[in-house]
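Let me see the structure of the following:
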Amino acid sequence: MENNQKTIERNAKIESIGLHTGEKSKLFFHPAPADTGIAFMKKNGSRTETIKPVIENLLDTKKFPRRTSIGNERIQIHTVEHLLSALYSMQIDNILIEIEGSECPGQDGSARPFVDVIKKAGIKPLNKKKKIFVVKDPLYLSENNTHIIVLPSNELRVSYILDYPSTTLGAQYASYPITPEIYEKEIAPARTFCMKEEIEPLKKMGLGKGSDYKNTLVIDKNKGPIDNRFRFEDEPVRHKISDLIGDIALFGSHIAGHIIGIKSGHSINTKFIKKMKLLQEKETTDLKEMVFHENGILYSEDICKIIPHRYPFLLVDRIVELDDIKAIGIKTVSINEWFFQGHFPSKPIMPGVLIVEAMAQVGGVLMLHREENRGKLAYFMSIENVKFRKAVRPGCQLILQVELLKTKGKIARLEGKAFVDGSIVAEGTFMSTIIDE
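Prediction:
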């Protein structure tokens with residue numbers, strides 16, 4: 001994923017009837033500056049109201065089923081998922097959307113027309129970094145035999161399992177990394193669908209007034225699509241991925257994680273996004289409120305809030321001193337360390353490169369604990385003048401001291417020393433750079 005925020009280059013518009021209201025709807029798209037976000041503008045009498053499609057503005061999915069709707073006490077906008085799916089996947093972070101009507105245009109029942117209008121308007125990079133939430137631990141939600149999961153990943157990937165037993169649809173599975181190119185080709189063209197048996201119940205609920213066999217795949221359980229044909233053999237599961245991305249967009253920022261839906265719909269999808277939002281807020285609060293424990297110590301759980309390393313590669317147990325130019329960490333070397341299995345079984349010695357890595361991790365804490373660097377990564381650029389003075393064996397306690405020698409922009413030069421019982425066992429200088437995740 002490109003790191004800079006984006007908007008559109010030119011104004012654009014799209015119009016058609018809404019799938020559920022059957023009413024005419026128009027959208028007018030306008031470029032927006034960095035950090036504006038996505039914002040709808042709707043006239044309410046003599047006033048123009050603005051509302052963002054974020055999870056805090058989600059309307060009750062029980063009152064407004066089979067679609068994703070946002071609103072407040074003054075305005076409501078329905079069926080936003082196809083539009084949001086396209087904006088999110090095409091990486092449009094900032095845009096103003098004037099809407100005439102109460103529902104987004106249904107078009108052909110897919111997100112492709114929105115992708116087309118975005119491309120026609122042009123995509124413009126902005127001079128501001130995106131906000132990306134990196135999933136560090138698995139999260140899971142289950143409800144009425146439907147499930148949704150997110151797993152750590154360095155990119156956004158969305159997978160889905162659909163299951164309609166005893167029908168022509170059967171079970172379907174699809175999984176895609178979400179890039180603009182893949183989304184446009186593989187996901188955006190997939191149209192909304194329903195089973196033939198669902199039509200009458202939906203009409204009784206006042207839904208589907210703008211739907212027909214052209215913009216909605218109506219599936220006969222024995223024969224397949226009625227008066228239509230699939231664009232893909234597995235078009236229904238691809239559309240479920242499109243819908244899920246539209247609900248993910250309510251998170252309000254981009255996500256690096258693997259999200260898996262199992263027979264999930266808008267109700268559980270949006271509940272899950274609320275759960276993820278609470279996790280993000282907790283992590284942000286944890287970082288802001290991070291304090292040293294008794295005697296000025298940061299333990300491993302605190303260190304993990306600053307640097308991304310985890311077992312078995314987290315090589316710092318505690319930080320006992322930390323300011324803007326110096327950090328001191330401790331690593332207690334146990335006979336149970338994983339690297340002693342092969343280095344060396346008959347004479348266990350801690351590999352020198354791992355001592356350097358431990359110093360670098362303390363350097364990472366030194367660089368990334370600052371407010372402006374939280375949530376970022378520190379990468380090695382070079383290592384110089386490394387010397388190993390003594391062997392480090394099981395039972396040793398490494399004292400890892402790192403000092404900041406010089407900084408220039410995002411690049412830092414640091415000096416590291418490792419001690420055991422007051423004697424230097426390793427030392428060296430290294431350069432690191434700070435990057436956004």
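
how many neighbours does the nearest residue to residue 205 once chain neighbours are set aside have?
Spatial nearest neighbour of residue 205, chain neighbours left out: residue 65 (7.0 Å); criterion: Cβ to Cβ, 6 or more residues apart in numbering. Every C-beta, even on glycine, is put in place using the N, C-alpha and C of the backbone. If you count neighbours by other Cβ atoms under 10 Å, residue 65 ends up with 15.

again, but for the one 3 residues further on
The local packing count at residue 68 equals 28, with neighbours defined by other Cβ under 10 Å.

How many residues are close by residue 131?
By other Cβ under 10 Å, 15 other residues sit near residue 131.

contacts for stretch 10-22?
23-31, 66-67, 78-79, 101-107, 109, 113-114, 117-118, 120-122, 192, 206-211, 215-216 (Cβ atoms under 8 Å, 6 or more residues apart in numbering).

Would you mind checking the residues you listed for buried ones?
The neighbour-count test (16 or more other Cβ atoms under 10 Å) marks 25, 27, 29-31, 66-67, 78-79, 101-107, 109, 113-114, 117-118, 121, 192, 207-208, 210-211, 215-216 as buried among these.

Let's see which of those residues end up in helices.
Under the assignment DSSP state H, the buried ones among the contacts of stretch 10-22 contribute 113, 114, 117, 118, 121 to helices.

Tell me how far the third one lies from residue 344.
Okay, so that is residue 117. Using Cβ to Cβ, to the nearest Å, one obtains 64 Å as the distance from residue 117 to residue 344.

Give me the residue at the spatial middle of the protein.
Residue closest to the average C-alpha location in the chain (Cα atoms, centre = their mean): residue 255, at 0.9 Å.

on that earlier part again, where strands are concerned, which of the contacts of stretch 10-22 count?
Within the contacts of stretch 10-22, residues falling in strands by DSSP state E are 24, 25, 26, 27, 28, 29, 30, 31.

Find me the pLDDT at the last one, would you?
It stands for residue 31. pLDDT for residue 31: 97.

so it sits right up against residue 7, yeah?
Yes. With contact defined as Cβ atoms under 8 Å, residue 31 counts as touching residue 7 (4.7 Å).

got any residues that touch both of these two?
With Cβ under 8 Å, 6+ apart, residue 31 and residue 7 have common neighbours 94, 95, 124.

Out of those, which comes closest to residue 394?
Using Cβ to Cβ, residue 94 comes nearest to residue 394 of the shared contacts of residue 31 and residue 7, at 54.9 Å.

residues contacting that closest one?
Contacts for residue 94 (Cβ under 8 Å, 6+ apart) come out as 5, 6, 7, 31, 32, 33, 34, 35, 36, 37, 38, 126.

From residue 52, how far off is the fifth one?
Think residue 32. Taken as Cβ to Cβ, the span from residue 32 to residue 52 is 11 Å.

and what of residue 188?
23 Å.

Compare these two (neighbour count), which wins?
A count of neighbours by other Cβ under 10 Å puts residue 188 above the other of residue 188 and residue 52, at 25 against 14.

ok, that one touching residue 110?
Yes. Under the criterion of Cβ under 8 Å, residue 188 makes contact with residue 110 at 6.2 Å.

Spell out which residues are contacts of both of those two.
Both residue 188 and residue 110 are in contact with residue 242, where contact means Cβ under 8 Å, 6+ apart.

what is in contact with residue 32 and residue 52 at once?
With Cβ under 8 Å, 6+ apart as the test, residue 32 and residue 52 both reach residue 39.

Packing partners of the helix or strand that contains residue 6?
Per DSSP states H and E, residue 6 falls inside strand 4-8. Under the contact definition 3 or more Cβ pairs under 8 Å, 6 or more residues apart in numbering; DSSP states H and E, strand 4-8 sits against strand 24-31, strand 123-129.

then that strand to PDB, C-alphas only?
What follows is strand 4-8, C-alpha atoms only, in PDB (Å, rounded to 0.1, in the frame of the first residue of the first chain):
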ATOM      1  CA  ASN A   4       0.600   8.900   1.100                       C
ATOM      2  CA  GLN A   5      -3.100  10.000   1.400                       C
ATOM      3  CA  LYS A   6      -5.000  10.500  -1.800                       C
ATOM      4  CA  THR A   7      -8.000  12.400  -3.200                       C
ATOM      5  CA  ILE A   8      -9.500  12.800  -6.600                       C
END
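
from the chain's centre, how far out does that strand sit?
17 Å (Cα atoms, centre = their mean, to the nearest Å).

Give the buried residues for the lengthiest helix in the chain.
Counting by DSSP H, the longest helix found in the chain is helix 266-288. Under the neighbour-count criterion of 16+ other Cβ under 10 Å, helix 266-288 has 266-277, 279-280, 283 buried.

same check, this time on stretch 301-313
Quick answer for stretch 301-313 (16+ other Cβ under 10 Å): 302, 303, 304, 305, 306, 307, 308, 309.

Grab the two from these that are most spread out in space.
302 and 308 (13.8 Å).

Common neighbours of the two, please.
The contact sets of residue 302 and residue 308 do not overlap (Cβ under 8 Å, 6+ apart).

Closest one of the contacts of residue 94 to residue 244?
Looking across the contacts of residue 94 and measuring by Cβ to Cβ, the closest to residue 244 is residue 38, at 17.5 Å.

what about the closest one, distance to residue 54?
9 Å.

So between the two, which is more surrounded?
More neighbours surround residue 38 than the other of residue 38 and residue 54, with 22 against 18 (other Cβ under 10 Å).

can you pull out the helices in the chain?
Counting by DSSP H, the helices of the chain are 81-89, 112-121, 180-182, 199-204, 235-248, 266-288, 300-303, 352-368.

Format the CA atom coordinates belonging to the fifth one as CSV.
Backbone C-alpha positions of helix 235-248 (Å, rounded to 0.1, in the frame of the first residue of the first chain) are rendered in CSV as follows:
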residue,chain,number,x,y,z
GLU,A,235,-19.5,-14.0,-8.2
PRO,A,236,-21.6,-14.3,-4.9
VAL,A,237,-18.6,-14.8,-2.7
ARG,A,238,-16.7,-12.0,-4.4
HIS,A,239,-19.6,-9.7,-3.8
LYS,A,240,-19.6,-10.7,-0.1
ILE,A,241,-15.9,-9.6,0.0
SER,A,242,-16.9,-6.3,-1.6
ASP,A,243,-19.6,-5.7,1.0
LEU,A,244,-17.2,-6.7,3.8
ILE,A,245,-14.7,-4.1,2.5
GLY,A,246,-17.4,-1.5,2.6
ASP,A,247,-18.1,-2.2,6.2
ILE,A,248,-14.3,-2.2,7.0
